[in-house]
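> Curious how this folds, go ahead:
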Amino acid sequence: MAQDNTKSVYQTLADVDCSNHIEKKGKFSYVSWAWAWALVKQNYPDATFEKHVFTDNQNNPLPFMRDTKGYTFVQTSVTIGGHTLSETFPVTDNRNQAIQHPNAFEVNTALQRCLVKTLAFHGLGLSIYAGEDLPVMGEHGEDLNKVITNLAAAQTTDDCDAIYKSNADLMKRLNKSEVAEIKRSFTNARSRIAAQEKQAA
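Okay, here's the model as predicted:
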């Protein structure tokens, strides 16, 4: 597939029709990591990715980081056209719920999902991934999705705080589950940014 040099990386990858490569697991849609990476390499042969390694309190290298409650996170970075984007992703079960003390297979699955999500930030299949992460809920679904999208794109913790505070009136109109979804996205965004800052330090 020839690369169109008149387009940005994001425009090129966002224009890719992923509809024939969507797979389902329960109610969630996703794109295979193998297909996603193959597509990126067809357009950008020099693209690279990294699965980050962390160290525990005994200085052992591990492909994940874990909080005090046993919830585990992985991180990947993708560099395309000299531009690197990173994402931190929780290890989840087949219901998309974070799990404590996952096994090696669950960590590996999370790494592959994190890679696909990082590719989505570059443009590939972003709308599909939003469909998984941002379910429309009730009459305020569109507004809710916008808040969560903005939090996912936040680059600093100050951005997260500003987005959260600016939607105080909206949250008064939401039900408990919708408010919980915004709070979860807010917490995840701040955790992602903190992990990225720690990795860059």
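
> from here on, contacts and neighbour counts on C-alpha atoms
Fine.

> Could you verify that residue 95 is part of a helix?
No - when classified by DSSP: H, G, I helix; E, B strand; the rest coil, residue 95 is found to be coil rather than part of a helix.

> Just checking, which helix or strand of the protein averages the lowest pLDDT?
Within the chain, judged by mean pLDDT, DSSP states H and E, the helix or strand with the poorest mean is helix 126-133; its value is a mean of 56.

> Could you look up the SS state of the most centrally placed residue in the chain?
Per Cα atoms, centre = their mean, the C-alpha nearest to the average position across the chain is that of residue 117, at 4.4 Å. Classification of residue 117 by three-state DSSP places it in helix.

> looking at it, it is touching residue 87, isn't it?
Yes - applying Cα atoms under 8 Å, one finds residue 117 in contact with residue 87, separated by 7.3 Å.

> gap between the residue nearest to the centre of the chain and residue 22?
Noted for residue 117: a distance of 14 Å to residue 22, by Cα to Cα, to the nearest Å.

> All the helices of this protein, in order from the start?
Assigned by DSSP state H, the chain shows helices spanning 9-14, 33-43, 104-121, 126-133, 141-153, 157-166, 168-173, 176-200.

> For residue 92, find the nearest of those.
For the helices of the chain, distance to residue 92 was read as Cα to Cα. The smallest value, 7.0 Å, belongs to helix 104-121.

> Which elements pack onto the closest one?
For helix 104-121, the contact count by 3 or more Cα pairs under 8 Å, 6 or more residues apart in numbering; DSSP states H and E identifies helix 33-43, strand 72-80, strand 83-90, helix 126-133 as packing neighbours.

> Pick the most buried one from these.
Ranked by average neighbour count under the criterion mean count of other Cα atoms under 10 Å, the helices and strands packed on helix 104-121 are headed by strand 72-80 at a mean of 22.

> partners of that one in the sheet?
Applying DSSP bridges to the sheet, strand 72-80 is found paired with strand 48-51 (antiparallel), strand 65-66 (antiparallel), strand 83-90 (antiparallel).

> still on that earlier bit, which of the helices of the chain sits closest to residue 64?
Distances from residue 64 to each of the helices of the chain were compared by Cα to Cα, and the smallest falls on helix 104-121, at 7.5 Å.

> Name the residues of that closest one that are buried.
The neighbour-count check on helix 104-121 (16 or more other Cα atoms under 10 Å) flags 107-108, 110-121 as buried.
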